[in-house]
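*Asks:* What would the 3D arrangement of this be:
(2 chains)
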Amino acid sequence: EAGVAQSPRYKIIEKRQSVAFWCNPISGHATLYWYQQILGQGPKLLIQFQNNGVVDDSQLPKDRFSAERLKGVDSTLKIQPAKLEDSAVYLCASSLRAGEGKLFFGSGTQLSVL
Amino acid sequence: GENVEQHPSTLSVQEGDSAVIKCTYSDSASNYFPWYKQELGKRPQLIIDIRSNVGEKKDQRIAVTLNKTAKHFSLHITETQPEDSAVYFCAASMGYSTLTFGKGTMLLVSP
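*Replies:* Model prediction:
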């Protein structure tokens, strides 16, 4: 089966600029997650969608981060404006349903904010 | 919320030796404990998982044990090989809540 697709693979921007990441989950997976992985740390959940509704966005810095999952399939994560500390790998993952447990991760987008 | 601590942060072993990585969790209601392997520059991939109604699970050279009373679980890799070198993450969740990950253990297996 096709895996979770993410783009771009790499992105370099200057602070205060905006950036957007795209994710296409595995077909049929109702739950989609965006994680932030800072170098040397484990993935930290930013937002979880069930179909096109938000289940958990408690750790999303809402003053600068936004995400949407229109039509319950693809999702985009946006940062505006970016800060130096946003430099990280942004991982998208999907699972068949919430509580399924097994997450399938995309290859991630490595963001460098200069 | 859930907090997952993972130790050690780095583990170096010789090929053929065993490796053990330990995690503790804070929420006694957590009931699902997966382990992910992340090779350099690649995506995390699930290698084994255990639910709270089971104390131990094996899959070839890897095994996971769970002690609910002490709220800790461990990953055991026997007969390590160079291709086992990677960062390993433990995680915990309860019901429909999302996973909370540990900070990871870098395992280095020397030939």
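
*Asks:* so residue A:2 makes contact with residue A:28?
*Replies:* No: the pair residue A:2 and residue A:28 does not pass the contact test of CB atoms under 8 Å, sitting 10.9 Å apart. Yep, even glycine has a C-beta here, placed from its N, CA and C like the rest.

*Asks:* Kindly confirm my reading that residue B:49 is in a strand.
*Replies:* Yes: assessed with DSSP: H, G, I helix; E, B strand; the rest coil, residue B:49 lies in a strand.

*Asks:* Need the pLDDT of residue B:84.
*Replies:* Residue B:84 is assigned 97 on the pLDDT scale.

*Asks:* dump the residue contacts of the residue nearest to residue B:110 when sequence neighbours are not counted.
*Replies:* Spatially, and ignoring its direct neighbours in sequence, residue B:110 is nearest to residue B:14 (5.5 Å; CB to CB, 6 or more residues apart in numbering or on different chains). Applying CB atoms under 8 Å, 6 or more residues apart in numbering or on different chains, we find residue B:14 in contact with B:80, B:109-110.

*Asks:* pLDDT wise, what is the residue in chain A that chain B sits nearest to at?
*Replies:* As assessed by CB to the nearest CB, chain B sits closest to residue A:42 within chain A, at 3.4 Å. Here, the pLDDT recorded for residue A:42 equals 91.

*Asks:* so what's it closest to, chain neighbours aside?
*Replies:* Residue A:42's closest residue in space is residue B:101 (CB to CB, 6+ apart), at 3.4 Å.

*Asks:* Next, count neighbours for the residue of chain A closest to chain B.
*Replies:* A count of neighbours around residue A:42, defined by other CB atoms under 10 Å in any protein chain shown, yields 22.

*Asks:* wait, it sits on residue B:92?
*Replies:* No: assessed by CB under 8 Å, residue A:42 is found out of contact with residue B:92, at 11.3 Å.

*Asks:* what sits in contact with each of those two?
*Replies:* Shared contacts of residue A:42 and residue B:92, counting by CB under 8 Å, 6+ apart, come down to residue B:4.

*Asks:* ok, residues contacting the helix or strand hosting residue B:92?
*Replies:* Counting by DSSP states H and E, the element that carries residue B:92 is strand B:86-92. With contacts defined as CB under 8 Å, 6+ apart, strand B:86-92 is touched by A:42-43, B:2, B:4, B:6, B:21, B:23, B:25, B:27, B:30, B:32-40, B:44, B:47, B:73, B:75, B:99-107.
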